[in-house]
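Student: Build the 3D model from these lines:
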Amino acid sequence: MSTEVPIDAYRVAVEVLQRVAASEGTAVERLTHAVDAVVHAVRAELGLVVHAREDAWEVRRIGLGPATAGPARAEPLLRVVPRSDPLLAPVRDGQDAVRTMSREVGPPWTGSPRREEIRRVWGVDQLVTVPVRTGPSFVCVMLGRLGEDFTDDDLAVLSMVQPVLVALNRILDPDSMPDPEARIVHLTTREQVVLDLLARGHTAARIAHQAQISPRTVHHHLANIYGKLGVGDRLSAVNRARSMGLIEAESLHV
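Tutor: Residues are numbered from 1 along each chain as shown. Presented below is the predicted three-dimensional model:
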């Protein structure tokens, strides 16, 4: 990164701070102004806030910028992701670094089913996270745009405005936030194992043997998997999981 980047990042960060300082209203409204300012600063098209609850991660669109990404919904959209999500799992585990999906996943992101899923749902295919609270009950601002990944300059700006978002979050009552537009649930480690074996064409008995659990437990896990994926049978579960990037194409044998 050149020596000019931190200077430019500082200038943009000051502009964001000035915009937030001039805003009035509730903590939610001020956070909205902050996210909106950041969205414009890094030329993003979408601002989201992700709250980790005990049973799911709640996703809310926030900011006053372009609202064309993702349709408005009467009920929260249910998404399923692996517990090893490359952007949010590090935040859950206590890491507060600003990250982009493209950099974390690498070249495979270009043809990733999950990239297509995100584009279909939210209208963007590049994501960056700015953690504002880490740990199991994390809070994270996520920005998205279509096309090119976020640059080093963008990440420098986001790192400099991160303390502002952290401070706003400290006075934010999560219960005062609007209803979430999406809820992200996770497959447990055991459910992921069962799903992988299912995708390889194994019967429940064979899955039980491979996973060293009882057939009854296998059926319990399958019921949970079907419920989370919103399907009712093996083939639909595998196809749905594949489209969401939960299993690899080479695992498919059904």
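Student: how close does E15 get to E45?
Tutor: 19 Å (CB to CB, to the nearest Å). C-beta here means a position set from N, CA and C on the backbone, and glycine is covered the same way.
Student: Those two: which has the busier surroundings?
Tutor: Neighbour tally, E15 and E45, criterion other CB atoms under 10 Å: the higher count belongs to E45, 19 against 15.
Student: Surely the more buried one and F150 touch.
Tutor: No: here E45 does not reach F150: they are 11.7 Å apart, not a contact under CB atoms under 8 Å.
Student: Could I get the phi/psi values of the residue nearest in space to the middle of the chain?
Tutor: Geometric centre of the chain, nearest residue: L88, 6.0 Å, by CA atoms, centre = their mean. With angles defined as degrees, to the nearest 10, L88 sits at phi -90, psi -30.
Student: I'd assumed W57 was in contact with it.
Tutor: Yes: here L88 reaches W57: they are 6.7 Å apart, a contact under CB under 8 Å.
Student: what's near enough to touch the residue nearest to the centre of the chain?
Tutor: Listed by CB atoms under 8 Å, 6 or more residues apart in numbering, the contact partners of L88 are 50, 52, 57, 81, 129, 138, 140, 184.
Student: Next, work out how far apart it and A41 are.
Tutor: L88 is 22 Å from A41, by CB to CB.
Student: now D152
Tutor: For D152, the distance to A41 - CB to CB - is 14 Å.
Student: if you count what's nearby, which of those two comes out ahead?
Tutor: The residue with more neighbours, out of D152 and A41, is A41; 20 against 11, by other CB under 10 Å.
Student: isn't the more buried one right next to V12, touching?
Tutor: Yes: if you go by CB under 8 Å, A41 and V12 touch, sitting 5.0 Å apart.
Student: Overlap in contacts, these two.
Tutor: V157.
Student: For the closest residue in space to W109 that isn't next to it in sequence, what is the enclosing helix or strand?
Tutor: Leaving aside its sequence neighbours, W109 sits nearest to S102 (CB to CB, 6 or more residues apart in numbering; 5.0 Å). Element membership of S102 [criterion: DSSP states H and E] is helix 101-105.
Student: how about that helix: buried residues?
Tutor: By neighbour count on 16 or more other CB atoms under 10 Å, the buried set for helix 101-105 is 101-102, 105.
Student: Who are the packing partners of that helix?
Tutor: When contacts are defined as 3 or more CB pairs under 8 Å, 6 or more residues apart in numbering; DSSP states H and E, helix 101-105 packs onto strand 126-133.
Student: neighbouring contacts of the strand it packs on?
Tutor: With CB under 8 Å, 6+ apart, strand 126-133 has contacts from 38, 42, 44, 50, 87-88, 91, 95-102, 118, 138-150, 154-155, 158, 161-162, 165-166, 168-169.
Student: Mind checking which of those residues are buried?
Tutor: Of those, these count as buried by 16+ other CB under 10 Å: 38, 42, 44, 50, 87-88, 91, 96, 98-102, 118, 138-145, 149-150, 154-155, 158, 161-162, 165-166, 168-169.
Student: Show me the helices in the stretch 101-250 of the chain, by range?
Tutor: Along the stretch 101-250 of the chain, counting by DSSP state H, counting those that start in this stretch, helices occupy 101-105, 113-122, 152-170, 189-199, 204-211, 215-229, 234-243.
Student: what element comes up after the helix or strand of the chain with the lowest mean pLDDT heading to the C-terminus?
Tutor: Least confident helix or strand, the chain: strand 77-82 with a mean of 66, by mean pLDDT, DSSP states H and E. As assigned by DSSP H and E, the chain's next helix or strand after strand 77-82 is helix 88-92.
Student: Report how many residues lie close to R170.
Tutor: 11.
Student: So A44 lies in a helix, does it not?
Tutor: No: the assignment for A44 is coil, going by DSSP: H, G, I helix; E, B strand; the rest coil, so no helix is present there.
Student: How about the contacts made by it?
Tutor: 38, 65, 128, 143-145, 150.
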